[in-house]
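1. The sequence isn't on hand, but the structure is:
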């Protein structure tokens, strides 16, 4: 069965620190990959997505992610986090070209001012 | 404004009392879906619908029903809620034939079953 694993459940950083959140998936075929962010009390918002082409994708708010097919990974990065990045981050995979998204467990990011 | 709306946003109920959570989208999307979010488990799909009158089970359908009589609406029905259905529920929609499968999420409904 397809699955998505996020390595970190809770990450605490100081402002200006660099961020990398790990995401691995299990599926050998073509995948669409997503990172969603959920700010406290709000709904999920799309940060970025990968469908094909350049494996380094840039999203909103300075986030980027790199798709490494050989490692089945899609890690999220940001060079310098801000207090406003405090949120929960979800990696998700769509593998069957239908609508179903398989989500990781989520990573809670806390940024200290 | 393109959006997915859900009502109610918060609901506290008791075991066995039937309830419905409504979901509506104004983007003319064919595909709609319900997820539940639980700590440490991420989001899991409950039911989905590829189009009007077409619905199917997701990963955790037990205890839930859905209907899709109109394209814009996709209500989630709990006939006899139980405490293990206490969760945060999200409705989502997307274009069926989109070359990218981005889903748009509603604001969430926090349900507590006592």
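-> Perfect, thanks for sending it. What you are looking at is a predicted structure, and each value in this text was computed from that prediction instead of being measured.
2. From the centroid of chain A, which residue is nearest?
-> With distances taken as CA atoms, centre = their mean, residue A:35 lies nearest the centre of chain A, 3.6 Å away.
3. Just the pLDDT at that residue, thanks.
-> The model reports residue A:35 with a pLDDT of 96.
4. Just read off the phi/psi values of it.
-> phi -120, psi 130 (degrees, to the nearest 10).
5. Skipping adjacent residues, who's closest to it in space?
-> Sequence neighbours aside, residue A:47 is the residue nearest to residue A:35 in space, at 4.4 Å (criterion: CB to CB, 6 or more residues apart in numbering or on different chains). (C-beta placed from N, C-alpha, C; glycine too.)
6. give the contact list for the one you found.
-> When contacts are counted by CB atoms under 8 Å, 6 or more residues apart in numbering or on different chains, residue A:47 is found next to A:34, A:35, A:36, A:37, A:59, A:60, A:61, A:63, A:76, A:89.
7. Would you check that the second one makes contact with residue A:91?
-> In other words, residue A:35. Yes - look at residue A:35 against residue A:91 with CB atoms under 8 Å: they come within range, at 5.7 Å.
8. which residues are common contacts for the two?
-> A:23, A:74, A:76.
9. Let's have these in a markdown table, adding neighbour count.
-> What follows is those, written out as a markdown table (neighbours: other CB atoms under 10 Å in any protein chain shown):
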| residue | neighbour count |
| --- | --- |
| A:23 | 26 |
| A:74 | 29 |
| A:76 | 23 |
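10. Just the ones in helices from those residues, please.
-> Members of the shared contacts of residue A:35 and residue A:91 lying in helices (criterion: DSSP state H): none.
11. which among those gets closest to chain B?
-> residue A:23 (11.2 Å; CB to the nearest CB).
12. Let me know the pLDDT of the closest one.
-> Residue-level pLDDT assigned to residue A:23 equals 96.
13. from memory it sits against residue A:74, does it?
-> Yes - with contact defined as CB under 8 Å, residue A:23 counts as touching residue A:74 (4.8 Å).
14. Stretch B:74-84: end-to-end distance?
-> 22 Å (CA to CA, to the nearest Å).
15. Can that stretch be said to contact chain A?
-> No - counting by CB under 8 Å from any CB of the partner chain, chain A has no neighbours in stretch B:74-84; the shortest distance is 12.0 Å.
16. And the contacts of that stretch?
-> By CB under 8 Å, 6+ apart, stretch B:74-84 touches B:13-25, B:32-34, B:46-47, B:49, B:63-68, B:85, B:89, B:91, B:93, B:111, B:113-114.
17. how about the residues of chain B near chain A?
-> For chain B, the residues in contact with chain A (CB under 8 Å from any CB) are B:31, B:33, B:35, B:40-45, B:48, B:50, B:58, B:90, B:94, B:96, B:99-103, B:105-108.
18. So which residue is dead centre in chain B?
-> Central residue of chain B (CA atoms, centre = their mean): residue B:34, at 2.9 Å.
19. Quick check: bridge partners of that residue?
-> Note on residue B:34: beta-bridge partners by DSSP bridges are residue B:47, residue B:91.
20. That one reaches residue B:43, doesn't it?
-> No - checked against CB under 8 Å, the pair residue B:34 and residue B:43 is beyond contact range at 10.0 Å.
21. Before I go, just wanted to say thanks for your time.
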